[in-house]
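In: take a look and give me a structure for this.
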Amino acid sequence: MFKKIIFLLIMMLGFDGAFANNTNIDKQTKKSLDSAVAKVIEAFKTQDQEAINTFINKKIGFYIIFRRGVMDEFTHVNYIDFKSPIPEYLPYSHPEKKYYSLRYKKAPTFSCDSEKWSDWGVIIDTHSRYNVLSSIAIAQKKYNDVKYTSKEFGIYKKVEQQSIKVVATADDFVFYMILIDGKWYLSILDRAEYCSA
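Out: Predicted coordinates:
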């Protein structure tokens, strides 16, 4: 319990003023985001654990979204171990496709009917905000009686508000990046298999 309280305090203090408003990013910030996105994809492709863990903020960590049945869940972690995936039944992907450019536009959607994305490539959505953590927390509280404190919920909202969604469509690879003290970090890794339930 004491560790959880300390973690929440660090999270709240770390968020105050640490994140930039990512809606309108300048050329230099965009260039650093392009580089970070490419390096994250490459680290997953090569399963380079050392490289991917440089994109995880040591104080704040990141969240992994997954689905064991009908409902999404998430967990907070401080590193990625490619040999011990979360969830345990789903190995981390090895993006295979070569992406020649990154595009900035609204994130594509996935159709379970056609099993295709509405757009193609690596798409970075700097204008939309996605309530992925808070909506999961609300559903888990309502249907599974999972308890969240108001501080925890506030952290989820803050992470969502500052995170930028990235979709590499050829590999169904979805993740979010966040700018903390001038450096891009992985904030959310979305591993939910949306058409599996």
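
In: now the phi/psi pair for residue 48, please.
Out: Here is the backbone geometry of residue 48 (degrees, to the nearest 10): phi -90, psi 100.

In: what about the nearest residue to it once chain neighbours are set aside, how many residues close to it?
Out: Taking CB to CB, 6 or more residues apart in numbering, and ignoring the residues beside it in sequence, residue 48 has residue 42 as its nearest neighbour in space, at 7.5 Å. (Each C-beta comes from the backbone N, C-alpha and C, glycine too.) By the measure other CB atoms under 10 Å, the count of residues near residue 42 is 13.

In: check for me that residue 42 belongs to a helix.
Out: Yes - Residue 42 forms part of a helix when assessed by DSSP: H, G, I helix; E, B strand; the rest coil.

In: measure it to residue 36 for me?
Out: For residue 42, the distance to residue 36 equals 11 Å [CB to CB, to the nearest Å].

In: so who does residue 63 touch?
Out: If a contact means CB atoms under 8 Å, 6 or more residues apart in numbering, then residue 63 has 74, 75, 76, 77, 133, 159, 187, 188, 189 as its contacts.

In: now it: which helix or strand?
Out: Using DSSP states H and E, residue 63 falls within strand 62-67.

In: pLDDT (mean, whole number) over that strand?
Out: Here strand 62-67 scores 96 as its mean pLDDT.

In: could you do stretch 88-100 as well?
Out: 79.

In: excluding sequence neighbours, find me the nearest residue to residue 139.
Out: Leaving out its chain neighbours, the residue that sits closest to residue 139 by CB to CB, 6+ apart is residue 71, at 6.0 Å.

In: go ahead and confirm that neighbour touches residue 143.
Out: Yes - the pair residue 71 and residue 143 qualifies as a contact (CB atoms under 8 Å) at a distance of 6.7 Å.

In: with neighbour numbers in mind, choose between the two.
Out: Neighbours were counted for residue 71 and for residue 143 using other CB under 10 Å; residue 71 has more, 13 against 10.

In: near residue 127, how many other residues are there?
Out: Close neighbours of residue 127, defined as other CB under 10 Å, add up to 12.

In: what of residue 87?
Out: Residues near residue 87, counting by other CB under 10 Å, number 14.

In: SS state for it?
Out: coil.

In: got a list of what the closest residue to it other than its chain neighbours touches?
Out: Nearest residue to residue 87 in three dimensions, chain neighbours excluded: residue 66, at 4.6 Å (CB to CB, 6+ apart). Neighbouring residues of residue 66 by CB under 8 Å, 6+ apart: 72, 73, 74, 75, 86, 87, 90, 191, 192.

In: residue 66 and residue 193: what is the separation?
Out: Using CB to CB, we find residue 66 at a distance of 8 Å from residue 193.

In: so what's in contact with these two at the same time?
Out: Common neighbours of residue 66 and residue 193 (CB under 8 Å, 6+ apart) are residue 90.

In: for residue 132, give me its contacts.
Out: 65, 74, 160, 176, 188, 190.

In: quick check: the fourth one touching residue 185?
Out: No - Residue 176 is not in contact with residue 185 according to CB under 8 Å; the separation is 9.7 Å.
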